[in-house]
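**Q** With the sequence up front, the predicted model follows.
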Amino acid sequence: MNPKMDNGEVFIWMQLLGFERKDKDRGVSRLIEKMHFKPHGIGALLYHPDIVNQHKGMEEEYILPPDNCSYRGIPRNEERERQNWTNYDLRILMENLNEIGVESYLSIMGTDLHDAHHKEWISDHPELRYASKEGYNGYNVLKRFADGTYYEDFFVEKLCQTLIDYHFTGVQLADDFCPTDGMLHCGDFSADMLEQFSSYTGIEFPENINSSLCNDGSGQRALRGEWIWKSYREEWIGFNAWRWERFFRKICCRLHAIGKKVIVLGMYCTDPFETLYCKGIDLKRIVDAGVDYLMPNILPTSVHMQEPNRPYYFHRYMAITPLTAAFIPDAKLLCMLGVKDATEEWDILNHAPGRLERDLYTVLSYQLNTGKGYRRCSEGLMICLGDGIKSDDWQWLKDRFNIAFLHNVKRVLTPTVLWSDAANSNMLHAYIHSRRWTTHKFMYEISRRGTPCSAVIRSDNIADAEGILFVPNFDLLSDSEKMAVASYNKGPVICTVPKGFHPAEYDITPEISFTDRYSDYPMTMFAFNACISGEVKKGIEELLSQDDGTPDLQGNPAEAEENIGTLDDELTFCKVTNGFCDACALLVRKASEEMNLFKCNKPFVAMMLNNGRFRLYIYNPSENNYEYAVVESKNTILDATIISKYPVLPVRYIKQAIPGYTAVNDDNEHHRFQTRLMPSGVTIVEISIAERI
């Protein structure tokens, strides 16, 4: 039997189309043989929650509905036609997965297909539908039945019995179940949710809201929603966070008691702050409630390629991983890798393999400085989806998994982002009343300008930090955190604050400080412990002089229009000019270069490994063209080896300087080499040098 992957966990999310009902073991052995390795777990995408809601036990054999036998009931994938699986077939499948040591998860979404494939349970319980201001869609699992009892109490009993009867390891809750469908500011403003809100907060409603509770029409829901979002937004967000925590305490307590586990999507292409603001979920609270795995949906390429005008949010999505790991360092993250999906009809593996490779290498490269050393931010991967992948393609993926599962980092040479729980908490009020940029926004905006930050550290571990620190929203840190940052002396520190904040109050004397000149809520960036050349200061001045014409927010920021989707849109932010953000990226990059052993004409990440070698991830910002990267080392290069599958040819050592770099007289020693980059790709090089830091 094939072994599991070393150094990381790989889970496969796949519909039943990936298995063969006619086989004695229901397709398990042929799947593992085709994969060339054994996954840690498989999330069987039964899709429709009625596999739980309508579970009838195992006394009799019966055929499962089409929307359990395939995702949304589709008729086929590349491998086979949809088969009529029975409850007994499904149990045999799970028994065979368990027998070979592969964890098995019942995977469902919060789906309401309006009786498209079978008479759905929710059709008899419409009060549980998600009631936004515009209409009803899917489930709101936090709601109550008409008799006042909670759905979660019904669900957990049915879930326990379902998992036991089929021999599942646990449950995997995904889209529209957790999180529910829609944005928090759009709903659910049903009478049920408002009554729960009032009971939790003690807030008394005005007469027009009270009188609306006898009618759940769209006009009444819109009236309530507008009142809450204007008058009690923070309380509404806090209430939803409490409800989700309560929900998962019930689920996890019961499932753990019977030896079962819980995997939860929990977010929707959102970082911790945006997840709270847009979805009402505090990821830390649900992990503390017992959730075993979160599965952040880091799917930049598949999301981008499904719509002709959808931006390519590679840097935005990737930054979710390190910030989530810093926010909840005890959580296990299984980052989704968007490979292919027969139902949604996209195939990144075959249509954009170079970008898929970049997604894979990048999401597993982020490091968390734990204070006791570095570890990878992501425990592993959730392959989305795993059915329809051929044997050769599985080998292609396996080869890259072995490269990507980096676990032996000793030091990160490129910038580290400081995470503060206090700043994240304080951001809620600050964001509502100013729409200022979040830590996530700052991180990915400078990253997409060629200055990637490859590591994160929590503020309580700052004594163990090293190298350059990037501290967005320094003013939102606690006083003790500010003092700890001010005392940091192991490298440059670069911070952002609102205009008018005075670093001198914390005994900080910046080497440089500059402010956005054309913003309605101007931010300032300052740096200390940094060596900033006159040339860099001149470049920053030129960038700051440019107004890109972006309009300011009009009126009260708290009343600014909210965006309606997390795939296409992001949080509403105040104006920050491109020139200011370019200047921020330039300052972080140049300050980092002063500390780094290496320079490169392309965006790159550098790490020192435990064996003394250095690993560089070199990125091609061009989406359509092959380009060359030139890497320069302060120390003599003894060896530079291509670790990624591309390029095939070895690096080429060169003496010729490139613009912006000082020529080095090699005297037969190697200080500079050139290598090739694929479009939208990343080349990984490992380097040995003569002298080590």
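**A** Cool, the structure landed.
**Q** hang on, residue 83 packs against residue 64?
**A** No - in this structure, residue 83 is not within contact of residue 64 by C-beta atoms under 8 Å, at 10.0 Å. Backbone N, C-alpha and C define where each C-beta goes, glycine included.
**Q** so what strands line up beside the helix or strand of the chain with the lowest mean pLDDT?
**A** Each helix and strand of the chain was given a mean pLDDT (mean pLDDT, DSSP states H and E); the minimum falls on strand 136-139 at a mean of 87. Sheet pairing of strand 136-139 (DSSP bridges) gives strand 129-131 (antiparallel).
**Q** any idea of the mean pLDDT for the partner strand?
**A** Across strand 129-131, the average pLDDT comes to 93.
**Q** Contacts for it, please.
**A** Strand 129-131 has contacts (C-beta atoms under 8 Å, 6 or more residues apart in numbering) with 110, 112, 122, 136-140, 176, 180-182, 187-190, 193, 216, 221.
**Q** Repeat that for stretch 31-43.
**A** With C-beta under 8 Å, 6+ apart as the criterion, stretch 31-43 contacts 1-5, 9-14, 18-19, 97, 100-105, 107, 169, 172, 263, 380, 382-383, 386, 389-391, 394-395, 398.
**Q** Between its first and last residues, what's the separation in it?
**A** End-to-end distance for stretch 31-43: 14 Å, by C-alpha to C-alpha, to the nearest Å.
**Q** Numbering from 630 from now on, please.
**A** All set: I'll call the first residue 630, so the last point we hit is now stretch 660-672.
**Q** quick one, phi psi at the residue lying closest to residue 1263 once chain neighbours are set aside?
**A** Among residues not flanking residue 1263 along the chain, residue 1226 sits closest, at 5.2 Å (C-beta to C-beta, 6 or more residues apart in numbering). The phi/psi pair for residue 1226 (degrees, to the nearest 10) reads phi -70, psi -20.
**Q** what's the burial count for residue 1226?
**A** Neighbour count for residue 1226, taken as other C-beta atoms under 10 Å: 17.
**Q** now the strands: where do they sit in the stretch 980-1129 of the chain?
**A** For the stretch 980-1129 of the chain, strands defined by DSSP state E, counting those that start in this stretch occupy the ranges 996-998, 1003-1005, 1009-1013, 1038-1041, 1045-1048, 1084-1087, 1098-1100, 1122-1127.
**Q** what does the stretch 630-779 of the chain give?
**A** 638-643, 670-676, 732-737, 758-760, 765-768.
**Q** Can you check which of those gets nearest to residue 1171?
**A** Proximity to residue 1171 (C-beta to C-beta) singles out strand 638-643 among the strands of the stretch 630-779 of the chain, at 47.5 Å.
**Q** so how far is that closest one from its chain's centroid?
**A** 16 Å (C-alpha atoms, centre = their mean, to the nearest Å).
**Q** Run through who's touching that strand.
**A** 633, 647, 664, 666, 668-674, 732, 734, 736, 801, 892, 963, 965, 1008-1016, 1030.
**Q** ok, of those, which come out buried?
**A** Listed as buried from those are 647, 664, 666, 668-674, 732, 734, 736, 801, 892, 963, 965, 1008-1016, 1030; burial here means 16 or more other C-beta atoms under 10 Å.
**Q** tell me what the longest helix along the chain is packed against?
**A** The longest helix of the chain (DSSP state H) is helix 862-886. Contacts defined by 3 or more C-beta pairs under 8 Å, 6 or more residues apart in numbering; DSSP states H and E place helix 862-886 against helix 780-795, strand 799-802, helix 820-830, strand 890-893, helix 901-908, helix 912-917, helix 1050-1063.
**Q** which residues touch that helix?
**A** Identification of contacts with helix 862-886 by C-beta under 8 Å, 6+ apart yields 770-771, 781-782, 784-785, 788-789, 792, 799-800, 807, 813, 825-826, 829-830, 832, 857-858, 890-891, 893, 905-906, 908-911, 914-915, 917-921, 1057-1058, 1061, 1187.
**Q** Is residue 1214 in contact with residue 1073, as I believe?
**A** No - here residue 1214 does not reach residue 1073: they are 11.0 Å apart, not a contact under C-beta under 8 Å.
**Q** okay, those two: which has more neighbours?
**A** Legend: neighbour count by other C-beta under 10 Å for residue 1214 and residue 1073, higher for residue 1073 (24 against 21).
**Q** pLDDT value on that one, please?
**A** pLDDT at residue 1073 comes out at 96.
**Q** Now residue 680. Nearest residue, chain neighbours left out?
**A** In space, and not counting its chain neighbours, residue 680 is closest to residue 697: 5.2 Å by C-beta to C-beta, 6+ apart.
**Q** Now do the helices in the stretch 930-1079 of the chain.
**A** Assigned by DSSP state H, counting those that start in this stretch, the stretch 930-1079 of the chain shows helices spanning 943-947, 949-956, 977-980, 982-992, 1020-1033, 1050-1063, 1068-1076.
**Q** mind putting the ones you listed in TSV, distance to residue 1131 included?
**A** Output for the helices of the stretch 930-1079 of the chain, formatted as TSV (distance: least, C-beta to C-beta, whole Å):
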stretch	distance to residue 1131
helix 943-947	32
helix 949-956	27
helix 977-980	49
helix 982-992	38
helix 1020-1033	44
helix 1050-1063	18
helix 1068-1076	20
